[in-house]
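>>> Could you look at this predicted model? Sequence included:
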Amino acid sequence: MKLIEFQSVSKSYNGRLAVEDFSLSVEPGERIVILGPSGCGKTTVLRLLAGFITPDTGSISIGNELVARDGQNLRQPEERDLGMVFQDLALWPHLSVKGNLEFGLRARKLSASDRKQRIHEILRLVEMTEYLKARPTELSGGQQQRVALARALVLQPKALLMDEPLSNLDEELNRRLRKEILRLHQALGFTLLFVTHDREESAELGTRVVFMRSGRIERIESQPSPTAVVGPN
Ligand code: ADP
């Protein structure tokens with residue numbers, strides 16, 4: 001079964017091709033890393049999938065439903081049921097951790113007890129339970145990352161899209177959060193599309209790595225699953 005399918009997608013900005021003839025099928029639970037140098041079109045691929053921009057030609061499906069085709073957006077971003085964590089985390093500074101997590105659950109009209117249960121469960125998984133009432137500014141960079149991850153995952157999205165989420169972090173924190181992502185993946189089994197220019201990140205995180213250059217897929221490589229992903233940080 002395919003969860004996500006890009007079929008021959010191309011996208012230009014001001015007459016310059018940013019992504020060309022991009023085709024990729026993603027199965028549920030896969031961890032896809034899109035790897036390539038700055039400007040090669042990685043972010044554009046995620047933005048196309050999220051629905052922020054529309055392919056000029058080609059089509060995109062999510063869960064067997066066509067969401068965009070040949071210049072037409074058939075499903076708005078909020079209808080696509082995807083979670084997102086970008087480099088700029090964009091946590092809402094005026095809301096507590098609970099408020100940040102609750103916002104999307106309220107929009108989906110979950111009952112108060114369901115909201116509470118989901119928030120409790122995800123905060124337990126990212127080991128942030130005691131920070132329920134904290135504001136983002138009171139948290140360290142790594143803690144903010146965990147909240148951003150929790151905020152995306154609490155909605156149980158069809159897939160999690162991450163765009164260079166670790167690039168601003170120091171080496172030690174970067175390493176810890178890579179492990180954290182793998183641990184959460186093992187616990188929850190979500191589908192991941194992760195964009196980076198960093199080979200080390202791609203080697204650790206991807207079940208498949210899509211190598212991009214100048215808007216095109218150069219090659220796709222499968223990677224053996226890491227065995228010992230759980231353990232002390
Ligand atoms: P990457 O994520 O690999 O760094 P991007 O997808 O951001 O690459 O960009 C691919 C190409 O498209 C680059 O040449 C970039 O300058 C161009 N581009 C990206 N976004 C826009 C935009 N909003 N307007 C014009 N050009 C853009």
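Thanks, I have the structure now. What you are looking at is a predicted structure, and each value in this text was computed from that prediction instead of being measured.

>>> Could you tell me which residues of this protein lie near the ligand?
Taking CB under 6 Å from any ligand atom as the test, the list of the chain residues beside the ligand reads 13-14, 18, 36, 38-44. In short, each C-beta sits where N, CA and C put it, glycine included.

>>> 8 Å - rerun?
Applying CB under 8 Å from any ligand atom, one finds that the chain approaches the ligand through 13-14, 16, 18-19, 36-47, 53, 163-164, 195, 197, 212, 215.

>>> Residue nearest the middle of the chain, spatially speaking?
Central residue of the chain (CA atoms, centre = their mean): L161, 1.7 Å from the mean position.

>>> doesn't it fall inside a strand?
Yes: with DSSP: H, G, I helix; E, B strand; the rest coil as the criterion, L161 is part of a strand.

>>> dump the residue contacts of it.
In this structure, L161 makes contact with 46, 49-50, 82-85, 193, judged by CB atoms under 8 Å, 6 or more residues apart in numbering.

>>> Can you lay out the residues you listed as CSV showing secondary structure and neighbour count?
Supplementary listing: the contacts of L161 in CSV, determined by DSSP: H, G, I helix; E, B strand; the rest coil; neighbours: other CB atoms under 10 Å:
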residue, secondary structure, neighbour count
L46, helix, 21
L49, helix, 26
A50, helix, 19
L82, strand, 23
G83, strand, 23
M84, strand, 22
V85, strand, 22
L193, strand, 26
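
>>> Of those, which is the nearest to the ligand?
Nearest to the ligand, judged by CB to the nearest ligand atom, of the contacts of L161 is L46 at 8.0 Å.

>>> what pairs with the closest residue to that closest one other than its chain neighbours across the strands?
With sequence-adjacent residues excluded and distances taken as CB to CB, 6 or more residues apart in numbering, L46 is closest to L161, at 5.1 Å. Beta-bridge partners recorded for L161 (DSSP bridges): M84, L193.

>>> where's L161 relative to V67, distance?
13 Å (CB to CB, to the nearest Å).

>>> same question, Q7
Here the distance between Q7 and V67 works out to 12 Å (CB to CB).

>>> And the strands in this protein, which stretches?
For the chain, the strands defined by DSSP state E occupy 4-13, 16-26, 31-35, 57-62, 65-69, 72-73, 82-86, 159-163, 192-196, 208-213, 216-222.

>>> distance between the second one and the chain's centre?
Read it as strand 16-26. 18 Å (CA atoms, centre = their mean, to the nearest Å).

>>> For that strand, name the packing helices and strands.
Packing partners of strand 16-26 (3 or more CB pairs under 8 Å, 6 or more residues apart in numbering; DSSP states H and E): strand 4-13, helix 42-50, strand 57-62, strand 216-222.

>>> what does the first one contact?
Outside of strand 4-13, the residues that reach it under the criterion CB under 8 Å, 6+ apart are 17-26, 44-45, 48-49, 53-62, 158-159, 191, 193.

>>> I'd like to know which of those are buried.
Using 16 or more other CB atoms under 10 Å as the burial test, those include 17-20, 22, 24, 26, 44-45, 48-49, 53-55, 58-62, 158-159, 191, 193 as buried.
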